[in-house]
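Trainee: sequence? don't have it. structure:
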Ligand code: ASP
């Protein structure tokens, strides 16, 4: 090889390398954590599951895979863990069933897939991804979604797979309070929490977002929340990716995830301010509550929430999984993330 050719190739390689983005993965396992409902064993199991989801998801990004692979890998880990309200461990409907919703979206292509009201799909996030990749549609519901799952070669599981005693007891408590017409403040809070979600930035600089949930304890009449609604609980574009968790009706009415990203994309608001204003101001001002995770192409992370805690985790340049639950634990919303190439601006309400 001539010296000239070698120099040209070397600088071409360096140019490519300097454009590679440092991958980042951010996850949540739901807002609305109530301290006194936690015991050390449960807390340990939750932290371990969040850590595994970060490690498995980040391995995809390190291998050069697209952001959507990290998102679906991380969410699958949490769906399989009974401590979260998604997949196994989903909350029960008023009729004693598990009815699950999930969505995934790619920021660069704006392709999206979602499913709602599925009863027998072990990993709803994978079915949402199949809708994105193998159907001409964005959203499939109920029996039709399960018909599509069969055609796609998904093995359907017996509905009893999703059942956990803890969720069953939560339903019994809700039914009793319904019968006594005694709304209980804590129950109102815990009914709609525990959803899982992920947002990722891959080495190409592309973003993706995904969310999976059993919805809300004691839900009726085929109720569907925000998680599978593109723009409400899940959204990604070329600049921003968001997954929400909280009282879904309010996320739908504010089109929360889309609004956060539009503030970033169109108004050039810093990610943390955009996310905090929607989650910690707009939604509570209407009577709702919850949290969200958000990520931009510079690797800035936002994790606002307005409940006792939010199961959350992030992993970036240092390759170390970070997990937090309560608000006395630092996270990138109040300190610059290790992976961030641009310092995150301080959030107005955290
Ligand atoms: N947002 C979900 C719903 O309303 C619940 C949750 O986040 O836990 O279905």
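Mentor: Happy to help now that I have it. Source: prediction; values computed, not measured.
Trainee: wait, what's in contact with the nearest residue to residue 330 once chain neighbours are set aside?
Mentor: When the adjacent residues along the chain are set aside, residue 330 lies closest to residue 324, with 7.3 Å between them (C-beta to C-beta, 6 or more residues apart in numbering). Where C-beta positions appear, they are placed from N, C-alpha and C, glycine not excepted. Going by C-beta atoms under 8 Å, 6 or more residues apart in numbering, residue 324 touches 312, 313, 330, 331.
Trainee: can you confirm residue 324 is in a helix?
Mentor: No - assignment of residue 324 by DSSP: H, G, I helix; E, B strand; the rest coil gives strand, placing it outside any helix.
Trainee: isn't residue 244 right up against residue 196?
Mentor: No - with contacts counted by C-beta atoms under 8 Å, residue 244 stays clear of residue 196, the gap being 11.4 Å.
Trainee: before we move on, back to that, between the contacts of residue 324, which is closest to residue 296?
Mentor: Residue 296 has its nearest neighbour among these in residue 331, at 15.9 Å by C-beta to C-beta.
Trainee: re the thing from before, as JSON lines, the contacts of residue 324 with neighbour count would be great.
Mentor: Conversion of these to JSON lines gives the following (neighbours: other C-beta atoms under 10 Å):
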{"residue": "312", "neighbour count": "28"}
{"residue": "313", "neighbour count": "28"}
{"residue": "330", "neighbour count": "10"}
{"residue": "331", "neighbour count": "21"}
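Trainee: redo these as JSON lines? Include distance to residue 125.
Mentor: Output for those, formatted as JSON lines (distance: C-beta to C-beta, whole Å):
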{"residue": "312", "distance to residue 125": "18"}
{"residue": "313", "distance to residue 125": "17"}
{"residue": "330", "distance to residue 125": "29"}
{"residue": "331", "distance to residue 125": "23"}
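Trainee: and whichever helix in the chain runs longest, which residues are buried?
Mentor: In the chain, ranked by residue count with DSSP state H as the criterion, the top helix is helix 40-62. Of the residues in helix 40-62, those buried by neighbour count under the rule 16 or more other C-beta atoms under 10 Å are 43, 46-47, 49-58, 60-61.
Trainee: of those residues, which is the nearest to the ligand?
Mentor: Among those, residue 46 lies closest to the ligand (C-beta to the nearest ligand atom), at 14.4 Å.
Trainee: hang on, the earlier thing: the ligand: which of the contacts of residue 324 is nearest?
Mentor: Of the contacts of residue 324, the one sitting nearest to the ligand (C-beta to the nearest ligand atom) turns out to be residue 312, at 12.9 Å.
Trainee: so that closest one is in which element?
Mentor: In this structure, residue 312 sits in strand 309-315 according to DSSP states H and E.
Trainee: please see if that strand touches the ligand.
Mentor: No - remark: strand 309-315 sits outside contact range of the ligand, by C-beta under 6 Å from any ligand atom, the gap being at least 10.0 Å.
Trainee: which residues sit against that strand?
Mentor: Contacts made with strand 309-315 from outside it, assessed by C-beta under 8 Å, 6+ apart, are listed as 24-35, 46, 50-51, 53-55, 57-58, 84, 245, 291, 293, 301, 303, 321-327, 331-332, 337, 339.
Trainee: can I get the buried part of those as one PyMOL selection?
Mentor: What follows is the PyMOL syntax for the buried subset of the contacts of strand 309-315, where burial is set by 16+ other C-beta under 10 Å:
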select buried, resi 24+25+26+27+28+29+30+31+32+33+46+50+51+53+54+55+57+58+84+245+291+293+301+303+321+322+323+324+325+327+331+332+337+339
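Trainee: near the ligand too, which of the contacts of strand 309-315?
Mentor: Taking C-beta under 6 Å from any ligand atom as the test, the ligand is in contact with 30, 245 out of these.
Trainee: quick one: residues contacting the residue in the stretch 1-150 of the chain positioned nearest to the ligand.
Mentor: Nearest residue of the stretch 1-150 of the chain to the ligand, counting by C-beta to the nearest ligand atom: residue 30, 5.1 Å away. Contact analysis of residue 30 by C-beta under 8 Å, 6+ apart lists 84, 85, 193, 194, 195, 196, 245, 310, 311.
Trainee: ok, residue 254 next?
Mentor: By C-beta under 8 Å, 6+ apart, the neighbours of residue 254 are 278, 282, 283, 286.
Trainee: how about a cut-off of 7 Å?
Mentor: Taking C-beta atoms under 7 Å, 6 or more residues apart in numbering, we find residue 254 in contact with 278, 282, 283.
Trainee: name the SS class of the residue of the stretch 1-150 of the chain closest to the ligand, please.
Mentor: When the structure is reduced to helix, strand and coil (three-state DSSP), residue 30 reads as strand.
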